[in-house]
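S.K.: have a look; sequence and predicted model below, questions after that.
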Amino acid sequence: MSRRTVLLLPGQGAQRERMAAGLYEAVPEFAAPMDSFLAALGPEGARLREEWLRPAPNPSLDDALVSQPLLFGVGHALGRCLTALSGHAPDVLLGHSVGELAAAALAGVFSPEDAARVMAARRTALAGHSGGGMLAVGAAVADVEPLLAQGAAVAAVNGPRQTVLAGPSDALARTSERLAGAGMVVRALRSGHAFHSPSLAGAAETYARALSRVPLRAPEGALLSTRTARWLRTEEATDPAFWAGQLALPVLYWPALRALLDGTPDGPGTGLVLLDASADRSLTAPARRHPSVRSGASVVVPLLAGPAGGDDPGTLGEALDVLASHRVRTSAHVRTRTAQATAS
């Protein structure tokens, strides 16, 4: 029996300097869709490529007008690359924030040719709505909510004790003081926008109008939405307001991932292969404590080199080997070529 594969795609806050740059320089199956996306953006795409490939520190990546299209482009290209190299599209797609748009593109909700239009419209909608921010809190939603200052809101549920807040800067400052006073660990995320909060309701309306001009289709594969924590429905996939409204609504990442893991049978070879496309390994951090992973029924597999070092082609090659060992079709000659790229 083969395990189901789940591709996890990151969103705002997970961007890192030169994320997946090693694949861009060595793996054509990644470089081709990334180049196509950047070229479709026109002159802006050339500027984004330059910002993406700059070494750390690069404060420009804190700007959502830069990081959002790059997160989308890298996630989409990595998904296309993984399918090409393994010969097997992921069984399930699950994206966080803008990562859900990358998942939608991989599922065929909109075409690769329209991807640039989708992201350019998102960028336009966000213009003029900066001035806020986001905080990561090491505590459960129920413990955080009573301490929120007016204007601050829960923006994402990333784990049992991983909550993200968003809102105007002054509201977040007051909230941060309260949370720290209660002994909670608080960290500012790399964002100058209050994503997934009422602060971006106006941006969501603008975005919906722009998306109404993009052809939207039913998903061709299984996409577990982190807006609703359930499987994406055809009527949602084809509704511009569904995708646009995401800007102002919380991300239910952990409820979605937990439901997937909870529904996994126990026993060897019966679980999930969780493919983490984030450069900081954040997407699988909460899953590692779930009984399905702790028992070995499900496994966590990074696709990119992590903060501790390593290289992208080598990490991807190791992931392909894991997929092959779990009876996911993988081309042997492609694995060899990926290993050669690592050594060169």
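M.R.: In hand now; what should we look at?

S.K.: where in the stretch 1-150 of the chain is pLDDT low?
M.R.: Scanning the stretch 1-150 of the chain for pLDDT under 70 picks out 1.

S.K.: if we use 90, what do you get?
M.R.: By pLDDT under 90, the weakly predicted segments of the stretch 1-150 of the chain are 1-3, 12-14, 62, 127-131.

S.K.: hey, where'd the helices end up in it?
M.R.: Assigned by DSSP state H, counting those that start in this stretch, the helices in the stretch 1-150 of the chain fall at 21-26, 28-40, 43-53, 64-86, 98-106, 112-126, 141-144.

S.K.: what ranges do the strands span in the stretch 151-300 of the chain?
M.R.: 153-159, 162-168, 186-188, 222-225, 230-231, 272-276, 299-302 (DSSP state E, counting those that start in this stretch).

S.K.: TSV for those strands, including mean neighbour count, mean pLDDT and distance to residue 45?
M.R.: From N, CA and C alone the C-beta is placed, and that goes for glycine too. Shown next, in TSV, are the strands of the stretch 151-300 of the chain (neighbours: other CB atoms under 10 Å; pLDDT from 0 to 100; distance: least, CB to CB, whole Å):
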stretch	mean neighbour count	mean pLDDT	distance to residue 45
strand 153-159	23	98	28
strand 162-168	26	97	28
strand 186-188	15	96	29
strand 222-225	20	98	26
strand 230-231	14	96	33
strand 272-276	25	97	26
strand 299-302	20	96	27
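
S.K.: quick one: which of those strands is nearest residue 127?
M.R.: The minimum distance between residue 127 and the strands of the stretch 151-300 of the chain falls on strand 162-168, with 17.4 Å, by CB to CB.

S.K.: give me the angle between the closest one and strand 153-159.
M.R.: 160 degrees (axes from the mean of the first three to the mean of the last three CA atoms, to 10 degrees).

S.K.: which helices and strands sit right next to strand 162-168?
M.R.: Under the contact criterion of 3 or more CB pairs under 8 Å, 6 or more residues apart in numbering; DSSP states H and E, strand 162-168 touches strand 132-137, helix 141-144, strand 153-159, helix 169-181.

S.K.: who touches the last one?
M.R.: So the one you mean is helix 169-181. 131-135, 137, 139, 144, 147-152, 165-167, 186 (CB atoms under 8 Å, 6 or more residues apart in numbering).

S.K.: the same query, at a cut-off of 7 Å, please.
M.R.: Applying CB atoms under 7 Å, 6 or more residues apart in numbering, the external contacts of helix 169-181 come out as 131-133, 135, 137, 144, 147-152, 165, 186.

S.K.: tabulate the helices of the stretch 1-150 of the chain (TSV), appending mean neighbour count and distance to residue 287.
M.R.: Formatted as TSV, these follow (neighbours: other CB atoms under 10 Å; distance: least, CB to CB, whole Å):
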stretch	mean neighbour count	distance to residue 287
helix 21-26	20	23
helix 28-40	19	24
helix 43-53	16	27
helix 64-86	24	18
helix 98-106	27	15
helix 112-126	20	28
helix 141-144	16	18
